[in-house]
Every structure is written in C-alpha cells, then in structure tokens.
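> A predicted structure for the sequence below; I have some questions about it.
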Amino acid sequence: MDSITAFQGLRRLASGEIGTVAVAVKATLQNDPTLAVLSYRDANGEQIDLDLRGSAEEIVERYRLPTPPKAARGRPRLGVVAREITLMPRHWEWLGSQPGGASVALRKLVEEASKSSGGVDQTRTSRDACYRFLSSMAGNLPYFEQATRALYAGNQAGFRELIAVWPMDVQVYALKLGTDAWPTP
C-alpha cells in the first residue's frame, strides 16, 4: 500500500492510503483553491504531485494498486531481472571460475553485502527521507540548517531540540521519517 501524508501549509491535512488522501486534498482545495498543499511519500519523504481530476470514486480507483499480472513460467517468476553491468576482464574471469558461474557468484556477493550493511543503509535511507521532507517543508523555518547538520551528524538530542520551535505536525512527521536515522548504541 502506498501511504502518503499531505500538508496544508505547515499543518498535516491527511495521512494514509494515497487515494484517500488525494480525495481529502481535493475537498480542501475545492473549499479554497488558493491553499498550498504538499504531499509526501511516507516510505521515502519524496514530494509527489497528486492527480485530483474527476470524482472521489475516480480518484480512489486511479490510485488503487493494480493486481499483479499472472507470473510467466521460468526465471521471471522468481523476480530475476536482467541488467547490464561493466567489470574489468579480471573480474569476469574470477566470476566465471566460481561455482554456478557469474550470476550465482554476483547474487551471493550482493546478498552478503546487503546483510552486512543493512543498518548503515537503513540509517542513510531514513536520514535522506527526513532531509527530503525538511528541505521542502522546513527550509524557511528557524534552525533549519542547524537541524540538518544535527540530522546528518547523528545527533538526535540536538535535532529534537532544534526542531522543538517548529509546528508540531512538521516535527512529528520529520521524526517519523527519521525514525532509523540515529545510530544505535
């Protein structure tokens, strides 16, 4: 499910499934088309534009998740995706000499790397999501630059202290997006 949060100015307008939030945004804008409404994906803090054309039912239907197509036989059923990679000849040689060949060796290397860097990746992803939101929503608020520095320095206490003067809805959403932005002791 694609979950989003919409803000009207610095106040949270709606949060939840994208179709439901889009309907709430449309209703708000019908009452006052001059309002500034921004919407963000909860998964990554990315600002998104909503298609508000049509009735509430049409909007909900537009954003309904499509049913996945029936899987074809063979490797695509496993989710295998072919893409190009570029390596030095010595790397291809080494990969070719591994049991199962280059594809198996690369999958094993990627799995191992993703497991060993999971915490670091999650921290980076969370910080980046929080920053994406802050840069568009809070860029003009007091202490924005200092809060951003605290975010990337892993200074949770400092970050919380700096954003404490911001509107509560902005604070809450920033902390939600940044849940995993702080290194664990």
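Sure, I can see it.
> what's the helix or strand for the nearest residue to residue 166 once chain neighbours are set aside?
Nearest residue to residue 166 in three dimensions, chain neighbours excluded: residue 141, at 5.2 Å (Cβ to Cβ, 6 or more residues apart in numbering). Bear in mind the C-beta positions are built from the backbone N, C-alpha and C, glycine included. Of the helices and strands defined by DSSP states H and E, none includes residue 141.
> Show me the domain layout of this structure.
3-63, 75-116, 119-177 (automatic domain parsing).
> hey, least reliable of those domains by pLDDT?
Ranked by mean pLDDT, these bottom out at domain 75-116, which scores a mean of 77.
> hang on, isn't residue 47 packed against residue 6?
No - using Cβ atoms under 8 Å, residue 47 and residue 6 do not qualify as a contacting pair, with a distance of 10.5 Å.
> Quick check: neighbours shared by those two?
Residues within reach of residue 47 and of residue 6 at once, by Cβ atoms under 8 Å, 6 or more residues apart in numbering, are 38-40.
> Nearest to residue 123, out of those residues: which one, please.
Checking the shared contacts of residue 47 and residue 6 against residue 123 with Cβ to Cβ, the nearest one is residue 40 at 19.7 Å.
> So what does the closest one look like in phi/psi?
Dihedral pair for residue 40: phi -130, psi 140, per degrees, to the nearest 10.
> From the structure, what's the count of residues near it?
Close neighbours of residue 40, defined as other Cβ atoms under 10 Å, add up to 23.
> how close does it get to residue 50?
The gap separating residue 40 from residue 50 is 11 Å, by Cβ to Cβ, to the nearest Å.
> Give me the common contacts of those two.
Contacts common to residue 40 and residue 50, judged by Cβ under 8 Å, 6+ apart, are residue 6.
> what comes into contact with the helix or strand where residue 128 lies?
Residue 128 is part of helix 118-137, with elements assigned from DSSP H and E. The list of residues contacting helix 118-137 from outside it, by Cβ under 8 Å, 6+ apart, reads 7, 10, 38, 40, 43-47, 114, 144, 147-148, 151-152, 154, 170, 173-174, 177-184.
> Any buried residues in it, and which?
123, 125-134, 137 (16 or more other Cβ atoms under 10 Å).
> Run through who's touching stretch 169-185.
Contacts of stretch 169-185 (Cβ under 8 Å, 6+ apart): 5, 7, 10-12, 40, 42, 45, 119, 122-123, 125-127, 129-130, 133-134, 137-138, 141, 151, 154, 156, 159-160, 163-164, 166.
> neighbour-wise, which of residue 47 and residue 6 wins?
When residue 47 and residue 6 are compared for neighbours, residue 6 comes out ahead with 22 against 15, by other Cβ under 10 Å.
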